[in-house]
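Asker: Below are the sequence and a predicted model; questions follow.
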Amino acid sequence: MKISHLPSLFLVFFLPSYLSAQNPLELDWAELRKTKPWVATEQWEPVPKRVTPGQLGAPPADAIVLFDGNSMSSWHTPKLDYGARMDNVMAIVQEKLANPSFSEPLWEVKDGALIVNPGSGAIETKQSFGDCQLHIEWLSPVDPGKEGQGYSNSGIFFMGMYEIQVLNSYENETYPNGQAGSLYKQHIPLVNASRPPGEWQSYDIVFNAPKFDDTGSLLQPATVTAFHNGVLIQNDVDLKGPCVFIGEPHYIAHPPKLPLLLQDHGNKDRFRNIWIREL
Ligand code: MG
């Protein structure tokens, strides 16, 4: 471009703003106060409901406390837990809905923690949940000699089928879409925010249940946002269906609310301070 063209460019692009009533570099606040144009974009309704936050480490006032360090009264053990392959998932979900069957959970409550009792089976909330915010703290026991998926494996299964992995992933190699904070075999966590075994860790998770129409067709996939020890690890990701061990997932229609399940994968993981808010 020739230098000689610059003055005419100035006239075309910049002169009009200099001639306009307001210079955008210097708003005329005295003039603006007469009409208060900012009011038009103020949204005053709805007023968010007031919620008293808990002390650090304690649930907020409107949370449903699922484990307070003492009682397993919110939980039971289902006769059938979860499916490993899609046909298995479907059969189990249908059977659990048709013939619900439960027993008292045999997990241990000790030192304010809920401890997996290997071989006793998963535990499930008595209450069902759909869209929710979950806070849960967990600890991988120090377990020398264990490795990979065998080192402190458990899992948090929203609706009994959408799993965020619980595993010792501090200097313990495994497939990344199966490490702590993964949405099992679907989404690798953005970062590895794991603490070492023996230290308490936290998950804060926003889960949106999948939505189905009356014919069972999928309207919206399940989505998950999750923080591990306060660090964002899943940013509004879509799930492809239940988190299965074998094969590719796809959706099956199910009720809008189902229980939350904690996995017994044979390791003595600990959980505490579990609370949930329905959204
Ligand atoms: Mg697991």
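Answerer: Nice, thanks for sending it over. All figures in this text were calculated on a predicted structure; none of them were measured in a lab.
Asker: Tell me the bridge partners for the residue of the stretch 101-250 of the chain found nearest the ion.
Answerer: Relative to the ion, the nearest point of the stretch 101-250 of the chain is residue 155 (3.1 Å; Cβ to the ion). Where C-beta positions appear, they are placed from N, C-alpha and C, glycine not excepted. On the basis of DSSP bridges, residue 155 is bridged to residue 165.
Asker: Please tell me how far it sits from residue 39.
Answerer: For residue 155, the distance to residue 39 equals 50 Å [Cβ to Cβ, to the nearest Å].
Asker: Centre of the chain to stretch 26-43, how far?
Answerer: Distance of stretch 26-43 from the chain centroid (Cα atoms, centre = their mean, to the nearest Å) equals 41 Å.
Asker: Keeping just the C-alphas, turn that stretch into PDB.
Answerer: Taking C-alpha atoms only, stretch 26-43 is exported to PDB below (Å, rounded to 0.1, in the frame of the first residue of the first chain):
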ATOM      1  CA  GLU A  26     -14.400   9.000  26.200                       C
ATOM      2  CA  LEU A  27     -18.000   8.200  27.100                       C
ATOM      3  CA  ASP A  28     -20.000  11.300  28.100                       C
ATOM      4  CA  TRP A  29     -21.100  10.100  31.500                       C
ATOM      5  CA  ALA A  30     -23.100  13.300  32.300                       C
ATOM      6  CA  GLU A  31     -25.200  12.700  29.200                       C
ATOM      7  CA  LEU A  32     -25.500   9.000  29.800                       C
ATOM      8  CA  ARG A  33     -26.800   9.500  33.400                       C
ATOM      9  CA  LYS A  34     -29.800  11.300  32.000                       C
ATOM     10  CA  THR A  35     -31.100   8.100  30.200                       C
ATOM     11  CA  LYS A  36     -29.300   5.400  32.200                       C
ATOM     12  CA  PRO A  37     -29.000   3.000  29.300                       C
ATOM     13  CA  TRP A  38     -27.400   0.400  31.500                       C
ATOM     14  CA  VAL A  39     -30.700  -0.400  33.100                       C
ATOM     15  CA  ALA A  40     -32.000  -2.100  30.000                       C
ATOM     16  CA  THR A  41     -29.500  -4.900  30.400                       C
ATOM     17  CA  GLU A  42     -30.000  -5.500  34.100                       C
ATOM     18  CA  GLN A  43     -31.700  -8.800  34.800                       C
END
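Asker: What's the mean pLDDT across that stretch?
Answerer: Stretch 26-43 carries an average pLDDT of 95.
Asker: related to what we said a few turns ago, list the residues that contact the residue of the stretch 101-250 of the chain closest to the ion.
Answerer: If a contact means Cβ atoms under 8 Å, 6 or more residues apart in numbering, then residue 155 has 163, 164, 165, 166, 184, 262, 263, 265 as its contacts.
Asker: Fine by me, thanks again.
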